[in-house]
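>>> make a model of this:
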Amino acid sequence: MRLLFLALCLALSPATAHAQPGTGLPPVTTSAAVSQPQVLPGGQLAIAVVLDHAEGYHSWPAKAQNALPPEVAEFAINTEITPEPAAGLTFGPIQWPELHDSRVANPGMEGPPTILLKTLSGKAVAYVPVVVANNAAPGPRTITIDLGYQTCDETSCLPPENVKLTVGVEVVVRGSTVAPPNDPDLFAGFEQSVFEKMRSGDLPPQAVEFNVFGLRFSIDASGVVGLILLQLVAALGGFVLNLTPCVLPVVPLKVMGLSQAAGNRARCFTLGVVMSAGVVAFFAAIGAAIALLAGFTAISSLFQTGWFAVAVGLVIAVMALGMFGLFTTGLPKWVYRITPKHETIPGSFLWGVLTAVLSTPCTAPFMGAATAWATQQSPGITLLTFSSIGLGMALPYLILSANPAWVRRVPRSGPGSELVKQVMGLLLLGVASFFIGTGISPFVSEPNAPAFRGYWWGVAFFGVAASLWLIVRVFRITRCPIRRTIWTLLPALFAVATIAVTLRVTDHGPIDWRYYSDALFEERIAAGDVVVLDFTAEWCLNCKALESSVLHTRSVADRLNGPGVSPIKVDLTGENTEGKAKLHQLNWVGIPLLAVYGPGVEKPILLGDGYTVGGVLDAIDRAEGESDE
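Here you go, the predicted model:
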């Protein structure tokens, strides 16, 4: 009898086709409305989703309402409301309407032919609460609501329906007077207290998904325990930043700086704490900007205009030149402020800030998902999460400063110490070349064409120069054959690796990329292709590493160039308005990110932080509908 009931639910009898008998009207009319046409940044609103049923018709309740007996719930197609991600908007839990009794064919083997069940009937209004981010950029928003439902009468059901409902709202500039609310009667049943819960985090469990080099796990973001775990993961991401090529060149310099104060335990610890405060202060400032400034959504926002990268490059170049002893006499005082000294309190703080700035082109594992979650939370949570990243990055320096014996053996003066400074100075000139090159790249690149990457040869020049200088100076400093051999082989290998990496990075690779536009994306989606969006930028070193080591492998490149797959590059190096909007639509901050769309998945598969060859191939299979998962 249960199979008979399922057949009845899926049957299309003449009486229950797509219109009411004798009227031509649909059995249910769907619509959506927004509570107010305008809203301020940091404000709130509600969306009403209406299912207006004709007499004698009903829809199944939402699964969350848990209103159906097991024998019916097994077959009933629940009503679902899913808002699509929109930039600067956070959606809260759906407020479902009151259920009413409806007569339904009895699925049991005994009893009357019909029974009473709780269903959605009459004019059923569900509400979607929306909180607007404090830094939401002014302008119009179109919010799309995916609505799925199945309409039935007493004896049979229509096929399931899936419709998209859209509403419009405008985010206005702070201080503006907003337009009066829409249709207060329609929103009379909306429970306003949900906004307080959304802002305080007092909501049902919210899983934050992590996928790092194939390691997948999730953390329940609700409650104190979930919040603490997420902060620990964010701190771990910050700690790993020290191992990225963005930060490594300055680590030996800071260790040497701490060694100079190692004879005074209190002084050494104080300098370490002050430097750590500089690191945390920078990330806290980034978190505050994301929470409060309109249009600022991620660290990558700093690079959307080339002047920031060029300015950072020039500051690093000045620091590097100072290591060669060029700033000894006759220079303006502001130059000495740019080249802070490790042994001073202000100098240590600035070293912390500059170390954090150097980390901005790199994203460590675990950071992407954690920061994406944090930007959708209250300003306090956003600030806390970014501060945790800074604390994690500062932790090694804090530990070293608390244990001065660990750095006491590092040479504080003499030819060895000077050589380290000179080599690090040359490497920092390479870093400066990188920042300056990424800053000017958008201005010398052709639109919708591979970006200019010639500046990488400047980076390679200083890397090779540092290696050769190290070899030459070691032969003058020491006569020990073992030391000469070691410090000849290691720099030589580094020089070869530098050239190899530069050749790989400047090669645009085997993939036939097209460059993102909304029109191109919609065209390929309409054609039924698997669309792979690669969110990248010239300043993003992680993006380059993953592109070279994963996307350029033969197996992945062949799939991306194969039939039915459209690889599209979303280059965020410059002012890419459409690309930024697409990233925001995915509720993601920071790059690298792969977003894989296709007919086999309802929502895009997001691969960030550390995707793998297997992960990319599996995502394409799933998007095509060929995976068993």
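
>>> residues touching the residue lying closest to residue 136 once chain neighbours are set aside, list them.
Nearest non-adjacent residue to residue 136, counting by CB to CB, 6 or more residues apart in numbering: residue 88, 3.2 Å away. To be clear about C-beta, it is placed using only N, CA and C from the backbone, and glycine gets the same treatment. Going by CB atoms under 8 Å, 6 or more residues apart in numbering, residue 88 touches 41, 132, 133, 135, 136, 137, 141, 171, 584.

>>> 7 Å instead?
Counting by CB atoms under 7 Å, 6 or more residues apart in numbering, residue 88 makes contact with 132, 133, 136, 137, 171.

>>> widest-spaced pair of those residues?
Using CB to CB, the two most remote members of those are 132 and 137, lying 10.6 Å apart.

>>> which SS class is residue 452?
Assigned state for residue 452: coil (three-state reduction, DSSP: H, G, I helix; E, B strand; the rest coil).

>>> how close does it sit to residue 182?
With the distance defined as CB to CB, to the nearest Å, residue 452 ends up 50 Å from residue 182.

>>> higher neighbour count, the two?
The neighbour count for residue 452 versus residue 182, taken as other CB atoms under 10 Å, is higher for residue 452 (19 against 16).

>>> from residue 439, how far off is that one?
11 Å.

>>> before we move on, what about residue 383?
For residue 383, the distance to residue 439 equals 28 Å [CB to CB].

>>> for residue 148, same thing?
Taken as CB to CB, the span from residue 148 to residue 439 is 47 Å.

>>> who's more crowded, these two?
Between residue 148 and residue 439, residue 439 has the larger neighbour count (other CB under 10 Å), namely 25 against 15.

>>> quick one: secondary structure of the more buried one?
What three-state DSSP gives for residue 439 is helix.

>>> ok, residue 144 next?
Recorded secondary structure, residue 144: strand (three-state DSSP).

>>> shouldn't it be in contact with residue 166?
Yes. Counting by CB atoms under 7 Å, residue 144 touches residue 166, with 5.2 Å between them.

>>> pick out whichever of these two has more residues nearby.
Between residue 144 and residue 166, counted using other CB under 10 Å, the more crowded position is residue 144 (15 against 10).

>>> mind listing what the more buried one touches?
84, 164, 166.

>>> go again with 8 Å.
Contact analysis of residue 144 by CB under 8 Å, 6+ apart lists 83, 84, 86, 164, 165, 166.

>>> ok, now which ones touch the last one?
Think residue 166. 32, 142, 143, 144, 145.

>>> hmm, which of the contacts of residue 144 is lowest in pLDDT?
Sorting the contacts of residue 144 by pLDDT puts residue 86 at the bottom of the list (77).

>>> can you tell me, leaving aside adjacent residues, what's nearest to residue 34?
residue 167 (4.3 Å).

>>> residues touching that neighbour, list them.
Contacts of residue 167 by CB under 8 Å, 6+ apart are 32, 33, 34, 47, 142, 143, 145.

>>> which strand or helix spans the residue lying closest to the fourth one once chain neighbours are set aside?
This points to residue 47. Computed as CB to CB, 6+ apart, the closest residue to residue 47 that is not its neighbour in sequence is residue 128, at 4.2 Å. In the assignment (DSSP states H and E), residue 128 maps to strand 123-132.

>>> buried ones in that strand?
Neighbour-count burial for strand 123-132 flags 124, 125, 126, 127, 128, 129, 130, 131, 132 (criterion: 16 or more other CB atoms under 10 Å).

>>> can you check stretch 426-440 too?
Applying 16+ other CB under 10 Å to stretch 426-440 flags 426-439 as buried.

>>> so where is the stretch 251-400 of the chain shaky, pLDDT-wise?
For the stretch 251-400 of the chain, applying pLDDT under 70 flags the ranges 252-263, 293-305, 322-323, 325-343, 363-365, 376, 378.

>>> show me the strands in the stretch 501-629 of the chain, by range?
Counting by DSSP state E, counting those that start in this stretch, the stretch 501-629 of the chain has strands at residues 514-515, 530-536, 565-571, 593-597, 605-608.

>>> swap that for the stretch 251-400 of the chain, please
Taking DSSP E, counting those that start in this stretch as the criterion, the stretch 251-400 of the chain contains no strands.

>>> and for residue 163, nearest residue in space, chain neighbours not counted?
Nearest residue to residue 163 in three dimensions, chain neighbours excluded: residue 147, at 5.1 Å (CB to CB, 6+ apart).

>>> and the one you found, how many neighbours?
Residues near residue 147, counting by other CB under 10 Å, number 20.

>>> okay, now the domains of the protein?
2-179, 212-301+342-408, 514-624 (automatic domain parsing).

>>> mind checking how far the second one is from the chain centre?
Offset of domain 212-301+342-408 from its chain centre (CA atoms, centre = their mean, to the nearest Å): 18 Å.

>>> begin at 46, not 1, for the rest of this chat.
Got it, the first residue is 46 from now on, which makes the last one we talked about domain 257-346+387-453.

>>> pull out the buried positions in the host helix or strand of residue 535.
Using DSSP H and E, residue 535 maps to helix 526-551. Neighbour counts over helix 526-551 (16+ other CB under 10 Å) mark 532, 533, 536, 539, 540, 543, 546, 547, 549, 550 as buried.

>>> got the contact list for the third one?
Contacts for residue 536 (CB under 8 Å, 6+ apart) come out as 511, 512, 513, 515, 516.

>>> so which residues of the stretch 46-195 of the chain form helices?
Assigned by DSSP state H, counting those that start in this stretch, the helices in the stretch 46-195 of the chain fall at 47-55, 115-118.

>>> may I see the buried residues of the shortest one?
Within helix 115-118, the residues that qualify as buried by neighbour count (16+ other CB under 10 Å) are residue 117.

>>> which strands or helices does that helix pack on?
Helix 115-118 sits against helix 47-55, with contacts defined as 3 or more CB pairs under 8 Å, 6 or more residues apart in numbering; DSSP states H and E.

>>> what average pLDDT does the helix it packs on get?
For helix 47-55, the mean per-residue pLDDT is 42.

>>> again, but for stretch 71-78
Computed over stretch 71-78, the average pLDDT equals 92.

>>> what does that stretch rub up against?
Identification of contacts with stretch 71-78 by CB under 8 Å, 6+ apart yields 61, 63-65, 92-99, 102, 104, 190, 192, 194, 196, 198, 203, 208, 210-212, 227-228, 231.

>>> among those residues, which are located in strands?
Mapping the contacts of stretch 71-78 onto strands (DSSP state E) picks out 92-98, 104, 190, 192, 194, 196, 208, 210-212.

>>> list the contacts for residue 183?
By CB under 8 Å, 6+ apart, residue 183 lies in contact with 86, 215, 216, 217, 218, 339.

>>> how about a cut-off of 6 Å?
216, 218 (CB atoms under 6 Å, 6 or more residues apart in numbering).

>>> residue 631 too?
Taking CB under 6 Å, 6+ apart, one finds residue 130 in contact with residue 631.
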